[in-house]
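Asker: Here is my input, please return the structure:
(one chain, ligands or ions: 1)
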Amino acid sequence: MWPTAELHVHIEGTLDADLIHELAARNGLPVPAGAGRGAPFRDLQEFLDVYYANLDVLRTRQDFQDLGARYLARAATAGVRHAEIFVDPQSHTERGVPVEDVLLGLSAALADARAEHGMSGGLIVCFLRHLGPEAAMAALEAVLPHRSLLLAVGLDSSEVGFPPALFRDVFERAAAEGLRRVAHAGEEGGPDYVWEALDILGAERIDHGNRALEDVELVAHLRATRTPLTVCPLSNLALRTAGPDLADHPIAVMLDEGLRASVHSDDPAYFGGYLDDNVRALVAAGTVTEDQVGVLAANAVASSFLPDAGKAALLAEIRAHAELVGAAVPALALDPAEV
Ligand SMILES: [Zn+2]
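Answerer: Predicted structure coming up:
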């Protein structure tokens, strides 16, 4: 198993049928009608309707700790050594769950994972773009008392119609607080959304970024600046933003173009797979080679917000694994001086 980093997983998207039933029973709630529903979905909206309805069973700090622990234990089996986890506080505070229960529950799970699985990690608070910039600013203000638990801010949910520029002020405020910045862009929105995320929000990583390939100038810019793209192939198939054949997935072109792209899970309980499942599916489809799996792992580590020493240690683990399995991973991808 290649050691790697998970940089694009929504913790709410790991809420599977087993845990939904368990939490519904614990909290004396009905099991939501969509429990256990997975891909395919008619479109993004159908998926989001099921997704938000299922969240109703998450009520207490313990619920969030259990959700985080369940995910982190599964990630450890996928070779994940460092996990930067998205959380949408607005999905929970809107239902009356105190934001500290969300953040402290997940942080407790991360602390336990460090002890139990030797994994490092952190939380990225995402703003739901369909709720607009004012709600995003209120959400940021609500989490700032817990600033020490947070790595970064991000932007997710329905993309088209909610361009990054709307969120300029909230990202500026987050940066002033010393938070790192990432944003979903170029999943459904065009290359202009990616440019805005970079130029206006100061995003250091682009989540998805598939449609960046439509703009030659943008591809050159991403390559020159080594801007990471966190790509989620099974999610793209489930939501029909790529495919229908995984063999045609843009990750192959991204790697050929020398972009710092890596593969992640997105919402694995709904889209059919965790990080390792995504990688296995790409190899099975012939989209990436076994050697390129090592490049994807190295890119993920290089794209993380780990300190340099942490990156160097994980790259050394990847180098050792490459030697063990006889994989040819370019030395440049594994050079700590290059990250
Ligand atoms: Zn996502």
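Asker: partners of the helix or strand hosting residue 124, with directions?
Answerer: Using DSSP states H and E, residue 124 maps to strand 120-128. Its sheet considered, strand 120-128 pairs with strand 80-87 (parallel), strand 150-156 (parallel) by DSSP bridges.
Asker: Could you give the separation of the helix or strand of the chain with the lowest mean pLDDT from the chain centroid?
Answerer: The least trusted helix or strand in the chain, going by mean pLDDT, DSSP states H and E, turns out to be helix 44-54, with a mean of 89. Chain-centre distance of helix 44-54: 18 Å, with C-alpha atoms, centre = their mean, to the nearest Å.
Asker: Let the chain start at 321 from now.
Answerer: Right, with 321 as the first residue, what we last looked at is helix 364-374.
Asker: What residues sit buried inside that helix?
Answerer: Buried residues in helix 364-374, defined by neighbour count with 16 or more other C-beta atoms under 10 Å: 364, 367, 368, 370, 371, 372, 374. Bear in mind the C-beta positions are built from the backbone N, C-alpha and C, glycine included.
Asker: Give me the next element, helix or strand, following that helix.
Answerer: Using DSSP H and E, the helix or strand that follows helix 364-374 in sequence is helix 381-397.
Asker: What helices and strands are in contact with that next one?
Answerer: Counting contacts by 3 or more C-beta pairs under 8 Å, 6 or more residues apart in numbering; DSSP states H and E, helix 381-397 packs against strand 324-330, helix 337-347, strand 400-407, helix 419-437.
Asker: hmm, who's touching the shortest one?
Answerer: What that stands for is strand 324-330. Identification of contacts with strand 324-330 by C-beta atoms under 8 Å, 6 or more residues apart in numbering yields 391, 395, 398-408, 446, 476, 525, 527, 548, 550-552, 582, 584-588, 595, 616-617, 620-621, 623-624, 626, 634, 638.
Asker: Distance check, the closest residue to residue 425 other than its chain neighbours against residue 537.
Answerer: Computed as C-beta to C-beta, 6 or more residues apart in numbering, the closest residue to residue 425 that is not its neighbour in sequence is residue 384, at 2.9 Å. Separation of residue 384 from residue 537 (C-beta to C-beta, to the nearest Å): 42 Å.
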